[in-house]
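[1] Fold the stuff below for me.
(one chain, ligands or ions: 1)
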Amino acid sequence: MIIASNFKTNHTRTSTNEYIEFVEEFIKKENISSDVYVFPPSTALMNSRSVFVGAQNAYPVQSGSFTGEIALEQLQEFGIKSILIGHSERRHVLKESQEFINSKFEFFKNSEFMITYCIGEPLEIRQKGLKEVLEYISLQLESIDMSYENLIVAYEPVWAIGTGVSATMEDIKSTHSALKNIYGFKNLLYGGSVNLDNVASIVDIEGVDGVLIGTASWKKEHFCEILKKTNKLGGR
Ligand code: PGA
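    Next up, the predicted model:
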């Protein structure tokens, strides 16, 4: 099981430090066997013994002139080896093109990062049906090396992110099963309004290898409760 928290633009360096120490203790005390990922803001990147701390974003160069960005050199300083690519907020709010996302994937693959690659459709596509959803997602995967061994894929329907309305269990099941059949993903997470109440049922769905959580993971106590509820559930 993979349980990941995306802080987005929340938490400071101090509160991230407290959060990660708290989670590390909890993992030890409760014998949590899941792989735990935390993606804090870039000002709060740090190393951890039992949590994989990853970057929410970085520019695909070693270093250079890209005002306001951080790149590989700044990640290496903190021993960061994991990154989120293609998150819906970067695609839709920050207007990242698929071409740019592809170049990030290539760069961080060549840098041997653990990549959590996000895919997912907007509401108007979901309303048309599963066939259209799969067609839409196929374009997000077209230039992605799906045989990359350090790849985690997160299926996150855009309309379910931060809205409090997660996809239905049936939609998650049919979409995950289709994606696994077509692409053979080993690690396929679901994301989009996962919370304390629905997380156990979601990770129990066949084809779900874990979850990527925003809002419901920002309080360390809640995240730990999620870790406890999902410990040793699911197939992995
Ligand atoms: P949410 O965010 O849990 O707040 O819906 C999920 C995500 O953006 O990864």
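[2] Surely Cys224 touches Glu21?
    No: contact criterion Cβ atoms under 8 Å: Cys224 and Glu21 do not qualify, at 11.8 Å. Where C-beta positions appear, they are placed from N, C-alpha and C, glycine not excepted.
[3] Between these two, point out the one with more neighbours.
    Cys224 (21 against 13; other Cβ atoms under 10 Å).
[4] next one: the lengthiest helix in the chain to chain centre, how far?
    In the chain, assigned by DSSP state H, the helix with the most residues is helix 13-29. On the basis of Cα atoms, centre = their mean, to the nearest Å, the separation between the geometric centre of helix 13-29 and that of its chain is 19 Å.
[5] Which strands or helices does the very next helix or strand once past it pack on?
    Proceeding C-terminally, helix 13-29 gives way to strand 35-39 as the next helix or strand, assigned by DSSP states H and E. Where contact means 3 or more Cβ pairs under 8 Å, 6 or more residues apart in numbering; DSSP states H and E, strand 35-39 is packed against strand 2-6, helix 13-29, strand 52-53.
[6] moving C-terminal of the last one, what's the next helix or strand?
    Stepping forward along the backbone from strand 52-53, the first helix or strand reached (DSSP H and E) is helix 72-77.
[7] Give the rounded mean pLDDT of that following helix.
    Averaged across helix 72-77, the pLDDT comes to 98.
[8] Render the CA-only coordinates of that helix in CSV, please.
    Taking only C-alpha atoms (Å, rounded to 0.1, in the frame of the first residue of the first chain), the coordinates of helix 72-77 have been written out as CSV:
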residue,chain,number,x,y,z
LEU,A,72,17.7,19.2,-9.4
GLU,A,73,20.6,20.9,-7.6
GLN,A,74,18.3,22.3,-4.9
LEU,A,75,16.5,18.9,-4.5
GLN,A,76,19.8,17.1,-4.2
GLU,A,77,20.9,19.3,-1.3
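[9] Buried by neighbour count: which residues of stretch 106-122 qualify?
    Going by neighbour count (16 or more other Cβ atoms under 10 Å), the buried part of stretch 106-122 is 107-109, 111, 113-121.
[10] Sounds good, over and out.
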